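K.L.:
Structure here, sequence nowhere to be found:
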């Protein structure tokens, strides 16, 4: 039976954005796990024909009675041939995904949207939040960010004392990456994939390769840590990043 208000109409469900961590199922927070298990509908983002990483992280915690709602990306690359536009395709997808989730909420069902890492750090959930949070009761549970997991697995403190940490997208043009990296003491470079060769070239120009760490799929079963010089750019997945920790400070 659906929840109803005093007038007998169905009370809208609640929207939960759950950060489920970088990959290891044990890194989900207790609160996120509780919200996950309480939700009748669990939504997740995924590429066509693949199981999304977020769903893979939480699959062992789900009950048979829970409805799994996939939100399938129409494209997964920004390099589309004309006349296709990545930004337009994604905006339409998020509009449609928001409508799909809203239909569940309007029917009185709570929806938990699971997100790898944290929902508000380069997370697809933020686009649902932009479209739905003003209309429905919404709660966001933060998660362990992937770059923190990367720092842990390589044993590299990111910032000492008053150092500045800059989080950068590998999609940025080389000149912009170079400018921002030259102006910070510590950096995290995300969204590598096809941008890896460009990013490595910038790090070489700035003589930062010796301080940099390459990690892919941190805390997952197929985690990989390797020197930048050994990486084949064609093999770099989206779920990879480069850390440039701050210079070590001795107390």
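P.N.:
The structure has been received and is ready for your questions. Everything numeric here is computed off the predicted structure, so don't read it as measured data.
K.L.:
Go ahead and measure how far the helix or strand harbouring residue 204 is from the middle of the chain.
P.N.:
Using DSSP states H and E, residue 204 sits within helix 196-205. Its chain's average C-alpha position is 23 Å from that of helix 196-205, according to C-alpha atoms, centre = their mean, to the nearest Å.
K.L.:
For it, buried residues please.
P.N.:
Buried residues in helix 196-205, counting neighbours by 16 or more other C-beta atoms under 10 Å, are found at 196, 198, 199, 200, 202, 203. Every C-beta, even on glycine, is put in place using the N, C-alpha and C of the backbone.
K.L.:
Test my guess that the third one contacts residue 192.
P.N.:
Going back to what we said before, that points to residue 199. Yes - in this structure residue 199 lies within contact range of residue 192 using C-beta atoms under 8 Å: 6.4 Å.
K.L.:
what's the overlap in contacts for the two?
P.N.:
170, 242 (C-beta atoms under 8 Å, 6 or more residues apart in numbering).
K.L.:
related to what we said a few turns ago, please name every helix or strand in contact with the helix holding residue 204.
P.N.:
Applying 3 or more C-beta pairs under 8 Å, 6 or more residues apart in numbering; DSSP states H and E, we find helix 196-205 packed against helix 174-182, strand 240-244.
K.L.:
Comparing those, which comes out most buried?
P.N.:
Counting by mean count of other C-beta atoms under 10 Å, strand 240-244 has the highest mean neighbour count of those, with a mean of 23.
K.L.:
what's the angle from it to helix 174-182?
P.N.:
50 degrees (axes from the mean of the first three to the mean of the last three C-alpha atoms, to 10 degrees).
K.L.:
ok, back up a step: which of the helices and strands packed on helix 196-205 sits closest to residue 46?
P.N.:
Among the helices and strands packed on helix 196-205, strand 240-244 comes nearest to residue 46, with 18.4 Å by C-beta to C-beta.
K.L.:
For stretch 39-47, buried residues please.
P.N.:
39, 40, 41, 42, 43, 44, 45, 46.
K.L.:
Am I right that the last one is in contact with residue 56?
P.N.:
In this case it means residue 46. No - contact between residue 46 and residue 56 fails when scored by C-beta under 8 Å: they sit 9.4 Å apart.
K.L.:
Who are the contact partners of the nearest residue to residue 60 once chain neighbours are set aside?
P.N.:
The shortest distance from residue 60 to any non-neighbouring residue, by C-beta to C-beta, 6 or more residues apart in numbering, is to residue 25 (6.1 Å). The neighbours of residue 25, taking C-beta under 8 Å, 6+ apart as the test, are 57, 58, 60, 61.
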